[in-house]
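*Asks:* After the sequence you'll find the predicted model.
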Amino acid sequence: MTVAATEPFADADDPLRRCLETLRAAAEAAEPLGIATAEVNAVHDDASRRLGFPSDAYVLALVGGTGVGKSSVLNALAGAAVSPASARRPTTSEPIAWVPADERASLAPMLEWLGVHDIREHEGSGLDAVAILDMPDMDSIEPDHRARVEAVLPRVDAVAWVTDLEKYHDAVLHDAFLRTWVPRLDRQALIVNKADRLGVDDRPRVRRDLEADLGRGLLGGDRAAVPVLMTMAAPDGVQRPELDELRGWLADGAAAKAVIRARIGATIVDRARSLARDAGIDPHAQASPFLGGRARAAAIDASTSAVLRAIDLPGLEKQAVAATRARARARGTGPIGKVTSLVYAASGRGSKVADPGGYLLRWRDRAPLTPAVESLRVALGSAVAEASPAVRPRLAATLEPTQLRQGLERAVDRSIAGLPRLEAPASRWWSLIGLLQTVTTVGIALAAAWVVVWILARPPVDSVDIPVIGIVPAPFVALVVMVLIGYVLARLLGIHAGWIGRRWARRVHDKVANAVRGEIADRGFGPLDELEAARRSLWESLATLLRECGRS
């Protein structure tokens with residue numbers, strides 16, 4: 001632990017307190033990823049509770065199997081029969097606490113929290129800073145005994161694993177307990193009892209073998225080795241010199257609050273590493289996103305293209321050009337154009353072929369978003385395959401087709417709603433053309449009247465000699481000229497309106513495409529982005545925990 005042993009425990013600025021709050025933040029970030037956090041929250045709550053107890057003594061549990069001599073070790077340390085001992089059957093059914101008399105009152109709340117009610121006092125033993133619990137057998141034929149051990153282990157400050165020459169490779173000890181608990185404890189030792197059955201030359205070899213076994217599979221490279229202690233304790237409580245090694249180790253832990261803090265720190269770091277494994281991230285390296293930048297950009301491009309095909313932008317452009325020309329006819333074709341525009345609107349044809357806004361709003365009627373959904377699913381497929389087993393279900397849930405389609409539909413609707421009103425543009429030239437068309441219309445009417453008068457009354461009129469055609473009366477020439485002028489003006493109006501309409505249609509096309517692309521980029525990956533944010537937050541918390549709360 002890099003945090004120092006300071007007092008009081010309840011100090012809000014205590015680095016260990018900050019580590020616990022960072023652990024809580026890590027648990028909160030892990031929950032959206034689908035990672036189980038009940039044990040992490042329990043560690044936080046237990047550690048916070050432990051820091052609030054006032055005793056100056058730390059609590060050590062003697063844990064081992066049936067007949068290894070846990071009670072004998074305690075009796076030998078006490079020099080009296082504190083705990084009943086038997087080599088043949090489970091004897092200790094409830095924890096027995098052996099505590100310094102001076103600390104009994106201050107230890108009472110802690111022992112009550114641990115569920116320990118059988119308390120024996122001692123004075124002048126030289127172990128005034130430690131309370132020792134003789135636990136039930138972890139491999140007992142009584143299932144409640146093992147459950148009792150597993151309930152107490154998360155809350156004690158140190159553990160002495162007691163075994164003997166017959167059980168030191170026992171699977172229950174190694175697989176069920178040491179593998180789980182060794183990484184979570186800072187102060188612990190493995191006691192090999194009944195070592196008197198070994199020859200003097202064999203004891204160092206057995207010690208080395210056990211230390212190697214513990215180091216190979218149970219500890220990280222930044223953890224100190226678990227000491228292996230040899231004892232020869234008789235069940236009658238007779239103190240022997242062979243217990244001096246154990247007494248020395250217990251006395252080394254006399255700085256009780258440092259032991260307590262170190263135990264909590266080791267547990268915090270172990271839980272942080274567990275969360276990192278479950279999340280599939282390395283706290284020592286920057287967390288990479290589920291979907292990389294290039295893959296994300298490619299998915300956005302593919303999905304946007306599919307959405308724009310569903311919207312039918314070419315059809316939208318035709319609508320925009322038709323709407324522009326309709327507005328040009330209303331303003332640039334004179335009195336006749338106004339009449340035809342009213343007829344055009346009344347027929348309903350304008351809303352079908354010249355209404356780009358309505359056409360855009362009816363995009364759902366033209367094509368589904370299945371190709372766009374598949375583009376996102378394909379992009380996320382490899383991310384799901386590479387995700388850790390704990391995170392994979394939540395990540396896979398972001399690929400649910402209905403959810404993706406609804407998200408894309410909302411993105412398209414938001415992009416359309418965010419566009420300015422799609423009103424066809426106009427030009428002041430159209431008003432001028434409309435004025436000329438009005439004059440032309442009057443001219444056509446007058447020329448037509450002149451023709452009728454000439455036909456009926458045959459008044460003398462000038463004639464025009466037209467090559468090939470010959471002599472043509474002036475009324476007919478005037479009528480043809482006026483019609484030609486009207487036709488030319490109409491063509492000019494159509495060409496100009498088409499040019500303006502196509503230019504506007506391109507702008508509408510770009511606005512819709514950019515709006516759709518922006519919405520898909522910002523919100524199309526909404527569920528994935530929530531997981532990404534949780535994963536980044538988790539990585540930041542875990543990196544902080546291992547940097548500030550682990551061993552330096």
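*Replies:* On my side now, so go ahead. Keep in mind that what you see is a predicted model, and the values were worked out from it rather than measured.
*Asks:* what's the single longest helix in this structure?
*Replies:* As assigned by DSSP state H, the longest helix anywhere in the chain is helix 474-519.
*Asks:* roughly how far is it from the heart of the chain?
*Replies:* In this view, helix 474-519 has its centroid 53 Å away from the chain centroid, taken as Cα atoms, centre = their mean, to the nearest Å.
*Asks:* Could you check the helix or strand following that helix and say which residues are buried?
*Replies:* The helix or strand immediately downstream of helix 474-519 is helix 526-548, counting by DSSP states H and E. By neighbour count on 16 or more other Cβ atoms under 10 Å, the buried set for helix 526-548 is 527-529, 531, 534-535, 537-546. Where you see a C-beta, it was placed from the backbone N, CA and C, and this is true even at glycine.
*Asks:* tell me the least confident of these?
*Replies:* Within the set of these, pLDDT is lowest for Pro527 (82).
*Asks:* follow-up on the earlier one: for the buried residues of helix 526-548, which one is nearest Leu16?
*Replies:* Leu545 (11.5 Å; Cβ to Cβ).
*Asks:* Quick check: next helix or strand after the lowest-mean-pLDDT helix or strand in the chain?
*Replies:* Within the chain, no helix or strand scores below helix 171, which has a mean of 52 by mean pLDDT, DSSP states H and E. Counting by DSSP H and E, the next helix or strand C-terminal to helix 171 is helix 179-181.
*Asks:* So which residues of the stretch 351-500 of the chain form helices?
*Replies:* Residue ranges of the helices in the stretch 351-500 of the chain, as given by DSSP state H, counting those that start in this stretch, are 356-361, 370-386, 392-397, 401-417, 428-457, 474-519.
*Asks:* And the fourth one, what does it pack against?
*Replies:* Same thing as helix 401-417. Applying 3 or more Cβ pairs under 8 Å, 6 or more residues apart in numbering; DSSP states H and E, one finds that helix 401-417 contacts helix 293-311, helix 370-386, helix 474-519, helix 526-548.
*Asks:* can you tell which of those helices is closest to Asp14?
*Replies:* Comparing these against Asp14 with Cβ to Cβ, the closest turns out to be helix 526-548 (12.3 Å).
*Asks:* hey, what's Val63 bridged with?
*Replies:* Val63 has these beta-bridge partners by DSSP bridges: Trp161.
*Asks:* coming back round to it: output the helices and strands packed on helix 401-417 as a markdown table; include the columns distance to Leu408.
*Replies:* As requested, the helices and strands packed on helix 401-417 are arranged in a markdown table below (distance: least, Cβ to Cβ, whole Å):
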| stretch | distance to Leu408 |
| --- | --- |
| helix 293-311 | 6 |
| helix 370-386 | 5 |
| helix 474-519 | 9 |
| helix 526-548 | 10 |
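*Asks:* of all those helices, which lies closest to Arg263?
*Replies:* Of all the helices and strands packed on helix 401-417, helix 526-548 sits nearest to Arg263, with 15.7 Å by Cβ to Cβ.
*Asks:* so that closest one versus helix 370-386, what angle?
*Replies:* Computed by axes from the mean of the first three to the mean of the last three Cα atoms, to 10 degrees, the angle separating helix 526-548 from helix 370-386 equals 20 degrees.
*Asks:* Identify all contacting residues around helix 526-548.
*Replies:* Residues outside helix 526-548 that contact it (Cβ atoms under 8 Å, 6 or more residues apart in numbering): 2-3, 15, 18-19, 22-23, 25-26, 29-33, 268-269, 272-273, 275-276, 279, 281, 283-284, 286-287, 289-291, 380, 391, 394-395, 397-398, 403, 407.
*Asks:* Taking helix 293-311 as reference, get the angle to that helix.
*Replies:* 170 degrees.
*Asks:* Run the chain-centre distance for helix 526-548.
*Replies:* Centre to centre, stretch against its chain (Cα atoms, centre = their mean), the figure for helix 526-548 is 7 Å.
*Asks:* Looking at the record's assignment, how would you partition this structure?
*Replies:* With domains defined by automatic domain parsing, the chain comprises 55-239, 293-524.
*Asks:* right, and those - which one's nearest Ile264?
*Replies:* Between Ile264 and the domains of the chain, the tightest spacing by Cβ to Cβ is seen for domain 55-239, at 8.3 Å.
*Asks:* pLDDT weak spots in the stretch 251-400 of the chain?
*Replies:* Within the stretch 251-400 of the chain, the segments meeting pLDDT under 70 span 253-256, 337-338, 340-351.
*Asks:* switch to 80 and redo it
*Replies:* Low-confidence segments of the stretch 251-400 of the chain (pLDDT under 80): 251-258, 287, 332-353, 399-400.
*Asks:* returning to what we had before: buried ones among the contacts of helix 526-548?
*Replies:* Buried members of the contacts of helix 526-548, counted by 16+ other Cβ under 10 Å: 3, 15, 18-19, 22-23, 25-26, 29-30, 32-33, 268-269, 272-273, 275-276, 279, 281, 283, 287, 290-291, 380, 391, 394-395, 398, 407.
*Asks:* Run through the strands of the stretch 101-250 of the chain in chain order.
*Replies:* Here the stretch 101-250 of the chain has its strands, by DSSP state E, counting those that start in this stretch, at 118-122, 130-134, 158-164, 187-193, 228-230.
*Asks:* okay, those in TSV with distance to Val481 next?
*Replies:* Below are the strands of the stretch 101-250 of the chain laid out as TSV (distance: least, Cβ to Cβ, whole Å):
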stretch	distance to Val481
strand 118-122	123
strand 130-134	118
strand 158-164	113
strand 187-193	112
strand 228-230	119
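*Asks:* can I get the ones you listed in a markdown table with mean neighbour count and mean pLDDT?
*Replies:* Formatted as a markdown table, those follow (neighbours: other Cβ atoms under 10 Å; pLDDT from 0 to 100):
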| stretch | mean neighbour count | mean pLDDT |
| --- | --- | --- |
| strand 118-122 | 16 | 90 |
| strand 130-134 | 27 | 91 |
| strand 158-164 | 26 | 87 |
| strand 187-193 | 23 | 85 |
| strand 228-230 | 22 | 85 |
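*Asks:* between the ones you listed, which one is nearest to Glu112?
*Replies:* strand 118-122 (10.2 Å).
*Asks:* what helices or strands is the closest one leaning on?
*Replies:* Using 3+ Cβ pairs under 8 Å, 6+ apart, strand 118-122 sits against strand 96-100, helix 104-114.
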